[in-house]
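Novice: Build the 3D model from these lines:
(chains A and B)
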Amino acid sequence: GQNIDQPTEMTATEGAIVQINCTYQTSGFNGLFWYQQHAGEAPTFLSYNVLDGLEEKGRFSSFLSRSKGYSYLLLKELQMKDSASYLCAVHSISGGYNKLIFGAGTRLAVHP
Amino acid sequence: EPEVTQTPSHQVTQMGQEVILRCVPISNHLYFYWYRQILGQKVEFLVSFYNNEISEKSEIFDDQFSVERPDGSNFTLKIRSTKLEDSAMYFCASSERDRDRVSGETQYFGPGTRLLVL
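Specialist: Coordinates of the predicted model:
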């Protein structure tokens, strides 16, 4: 079966660092996406990890360990606008065709 | 920057009615998708579409659902006879699917259509 786990909610202080973890058990794994979703809006792309290791992009970094079925998203220098849901999504390929399997999302609240 | 667009932004319909949700994917993309998100729940894959045919569909995508690319730009999702449980946000997404480039795999989402079935 397909299983993706991430914490339901997190809180953090403006200017701080927060790490959002994601563990997965899926078939046809081809990579892992992180998306940001503000309430009532579409998911917006943050990062995509295919190989093990850390990908850094400005204030956002994402890490993947394929052998452990584990990823995290690291947000630095938190700003109030970072308050949103962060969605971990496995990129699954079967039969040559691909789809995203989403976790339930982690709702992050950044407070002053 | 190119983006996926969707119309309408909101749709209210009576149970049993047909609805058509429209999407214009990013112009050089070849792979198209529909996802839905019931309020407060996770984003769920419905269907993927490539080369004018369905490539994969989920258990949710039953005979009441169909997709079509009627012309060179639009991609539609039709629900033939809506049920109360079809109330959700429906997202269209597209990707280049160039496996030689990381960015080619990224699925870009439209703003969604909020469907309410009464």
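Novice: Centre of the chain to the helix or strand of chain A with the lowest mean pLDDT, how far?
Specialist: Lowest by mean pLDDT, DSSP states H and E among the helices and strands of chain A is strand A:97-102, with a mean of 84. The chain centre lies 14 Å from the centre of strand A:97-102; the measure is Cα atoms, centre = their mean, to the nearest Å.
Novice: so what secondary structure elements neighbour it?
Specialist: Under the contact definition 3 or more Cβ pairs under 8 Å, 6 or more residues apart in numbering or on different chains; DSSP states H and E, strand A:97-102 sits against strand A:84-94, strand B:31-37, strand B:44-50, strand B:53-57. In this view, the C-beta of every residue, glycine as well, is placed from N, C-alpha and C.
Novice: hmm, 7 Å instead?
Specialist: Helices and strands touching strand A:97-102, by 3 or more Cβ pairs under 7 Å, 6 or more residues apart in numbering or on different chains; DSSP states H and E, are strand A:84-94, strand B:44-50, strand B:53-57.
Novice: contacts for the helix or strand just after the last one?
Specialist: The C-terminal neighbour of strand B:53-57 among helices and strands, as given by DSSP states H and E, is strand B:65-68. Identification of contacts with strand B:65-68 by Cβ atoms under 7 Å, 6 or more residues apart in numbering or on different chains yields B:34, B:46, B:47, B:49, B:54, B:75, B:76, B:77, B:78, B:79.
Novice: ok, now stretch A:2-22?
Specialist: Contact with stretch A:2-22 is made by A:23-26, A:71-80, A:86, A:88, A:90, A:101, A:103-112, as judged by Cβ under 7 Å, 6+ apart.
Novice: Show me which residues of it are buried.
Specialist: The neighbour-count check on stretch A:2-22 (16 or more other Cβ atoms under 10 Å in any protein chain shown) flags A:4, A:6, A:10, A:12, A:18, A:20, A:22 as buried.
Novice: Ok, stretch A:18-37 next?
Specialist: Applying 16+ other Cβ under 10 Å to stretch A:18-37 flags A:18, A:20, A:22-24, A:26, A:29, A:31-37 as buried.
Novice: distance between the ends of it?
Specialist: When the termini of stretch A:18-37 are compared using Cα to Cα, to the nearest Å, they are 17 Å apart.
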